[in-house]
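Trainee: quick one, what's the 3D model for this:
(one chain, ligands or ions: 1)
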Amino acid sequence: MKPELSPYAYDLDEAQIRAERAKARKLRQSQWWKRRCAKGRCYYCGRSTPARELTMDHIVPIARGGKSTRANVVPACKECNSNKKQLLPMEWESYLEKISQADPDHN
Ligand SMILES: [Zn+2]
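Mentor: Residues are numbered from 1 along each chain as shown. Sure thing, here's the model as predicted:
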């Protein structure tokens, strides 16, 4: 006998979110991630940041359907990470624009 499916659709989303968070934890322990952080640079503002202060940021947040894949996670400094959480996507865009204007060498 198959176990009965939950009648609550949001349980599925919760399960997906939990699965992606678990994947992110694993990814964070991988050599690939450690190498990325060893470069000591924030993906967003380009400031050099000690590896241990870099946090894993999902470009598309998990809550919005983003996945914990190499293509969707980047090292971010604490400032960028918390700004990204607080700002609306539009505000975040202009934040990034401001950063790149302030530092023309930023790539
Ligand atoms: Zn940053």
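Trainee: excluding chain neighbours, what is closest to residue 60?
Mentor: Nearest residue to residue 60 in three dimensions, chain neighbours excluded: residue 66, at 3.2 Å (C-beta to C-beta, 6 or more residues apart in numbering). No exception for glycine: its C-beta is placed from N, CA and C like everyone else's.
Trainee: three-state assignment of the one you found?
Mentor: Secondary structure state of residue 66, per DSSP: H, G, I helix; E, B strand; the rest coil, is coil.
Trainee: and residue 69, how many neighbours?
Mentor: Using other C-beta atoms under 10 Å, the number of residues around residue 69 comes to 13.
Trainee: make 59 the first number, not 1, from now on.
Mentor: Taking 59 as the first residue, the last one we looked at is residue 127.
Trainee: am I right that it sits in a helix?
Mentor: No - going by three-state DSSP, the assignment for residue 127 is coil, not a helix.
Trainee: near the ion at all, the helix or strand hosting residue 143?
Mentor: Using DSSP states H and E, residue 143 falls within helix 136-144. Yes - Helix 136-144 comes into contact with the ion (C-beta under 5 Å from the ion), by way of residue 138.
Trainee: ranges for the strands of this protein?
Mentor: For the chain, the strands defined by DSSP state E occupy 113-116, 131-134.
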